[in-house]
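Trainee: Sequence first, then the predicted structure, then my questions.
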Amino acid sequence: MDFLQDVHNIIRNKGEEIKNKHEKEQKGIKNATDKELNTFLELYIKASGGASGFTNVELREETLVLLLAGTDTSAVGSAFTSLMLARHPEVQNNVYEEIREVLGDSNRSVSAEDLPRLKYLEAVIKESLRLYPPVPMIVRKADKDIKLLHRNPVYWGKDAEEFRPERFLESNLKHPAAFIPFSYGPRSCLGKGFLRTNNSKTKTSSFLKLFRFYNSQTAILYNVSRRFR
Ligand code: HEM
């Protein structure tokens, strides 16, 4: 109950803050400390039409959906990709070489233009999502029996149980719904495009530029020595 009250207070205060800022701007007053960056909540309030937009309850529900849907799933996905890289050092080397090829010896971060070139890394992320989907079950009413998809040899061949990212580079999917870590159809994941193209690749490549994943019996250990000079 207290938690809900806290959430409502945050939303109400943010709404007031935006209203005051807007009124000041109308009068030509600009505060030197006003930041250009907007929080997610601010964007929601503004995009929905400010005071006449989403109600506080709607803002709470929408924010909650995105927080719940977007954080744990991405974190679990990245954790499994890291685990796969630790378990398959040869794959990790290939990813590292690809990043080197794209960035050269430069110390800069991966840019939006670099992302489409990181094709092998994309295959590694997909292969991790295939074997270890962060959302392993999707609840739908089926009108006929459906066999498990992600490890089904009919769609993935005899080595369906193996971690082999190359499969995503070699051939197209045997069925458009054989690979559905983000579900399929109109109610599929809203974050899937962002995730595939930006988030996972940026995170993993930034990490691999500097560190290497190692496997131990109980944990993934990070080697803190810098890899790029
Ligand atoms: C690796 C990361 C992610 C995975 C594996 C994933 C997976 C999924 C799956 C399987 C669904 C369908 C659930 C169902 O119908 O039962 C879904 C829905 C959804 N996802 Fe994701 N998701 C991820 C990241 C994100 C991110 C980063 C966002 C937002 C920024 C997001 C926003 C949503 C939303 C809003 C829905 C509900 C869509 C609807 O019902 O119309 N997801 N996600």
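Mentor: All right, it came through fine. Numbering: from 1, shown residues only.
Trainee: how far away is the residue of the chain found nearest the ligand from Arg117?
Mentor: Nearest residue of the chain to the ligand: Gly191, at 2.4 Å (Cβ to the nearest ligand atom). Where C-beta positions appear, they are placed from N, C-alpha and C, glycine not excepted. Per Cβ to Cβ, to the nearest Å, Gly191 is found 22 Å from Arg117.
Trainee: how is the chain carved up into domains?
Mentor: By the assignment in the TED database, the chain contains the domains 1-54, 70-227.
Trainee: Can you tell me which of the ones you listed is most buried?
Mentor: domain 70-227 (a mean of 15; mean count of other Cβ atoms under 10 Å).
Trainee: so the residue nearest to Ile10 when sequence neighbours are not counted, which of the three states?
Mentor: The shortest distance from Ile10 to any non-neighbouring residue, by Cβ to Cβ, 6 or more residues apart in numbering, is to Leu41 (7.5 Å). Three-state call for Leu41 (DSSP: H, G, I helix; E, B strand; the rest coil): helix.
Trainee: Let me know whether Leu41 touches Thr63 as I believe.
Mentor: Yes. Under the criterion of Cβ atoms under 8 Å, Leu41 makes contact with Thr63 at 6.2 Å.
Trainee: what residues are shared contacts of the two?
Mentor: Ile11 (Cβ atoms under 8 Å, 6 or more residues apart in numbering).
Trainee: interface residues of the chain facing the ligand?
Mentor: 65-66, 69-70, 73-74, 77, 134-135, 138-139, 181-183, 187, 189-191, 195 (Cβ under 6 Å from any ligand atom).
Trainee: if we can go back for a sec, contacting residues for the residue of the chain closest to the ligand?
Mentor: If you count contacts by Cβ under 8 Å, 6+ apart, then Gly191 has Ala69, Gly70, Thr73, Ser74, Phe182 around it.
Trainee: per-residue pLDDT, the first one?
Mentor: Spelled out, it's Ala69. What the model reports as pLDDT for Ala69 is 85.
Trainee: So which other helices or strands are in contact with the biggest helix by length in the chain?
Mentor: Criterion DSSP state H: the longest helix present in the chain is helix 56-87. Counting contacts by 3 or more Cβ pairs under 8 Å, 6 or more residues apart in numbering; DSSP states H and E, helix 56-87 is packed against helix 2-26, helix 40-47, helix 89-103, helix 119-131, helix 200-210, strand 212-215, strand 220-223.
Trainee: how far off helix 2-26 does that helix point, in degrees?
Mentor: 110 degrees (axes from the mean of the first three to the mean of the last three Cα atoms, to 10 degrees).
Trainee: so how far is helix 56-87 off the chain centroid?
Mentor: Put simply, helix 56-87 sits 7 Å off its chain's centre (Cα atoms, centre = their mean, to the nearest Å).
Trainee: cool, stretch 157-176 as well?
Mentor: Stretch 157-176 has its C-alpha centroid displaced from the chain centroid by 22 Å (Cα atoms, centre = their mean).
Trainee: what's in contact with it?
Mentor: 84, 87-88, 91, 119-120, 122-124, 126-128, 131, 151-156, 179, 184.
Trainee: Start and end of that stretch, how far apart?
Mentor: Stretch 157-176 has its terminal residues 16 Å apart, counting by Cα to Cα, to the nearest Å.
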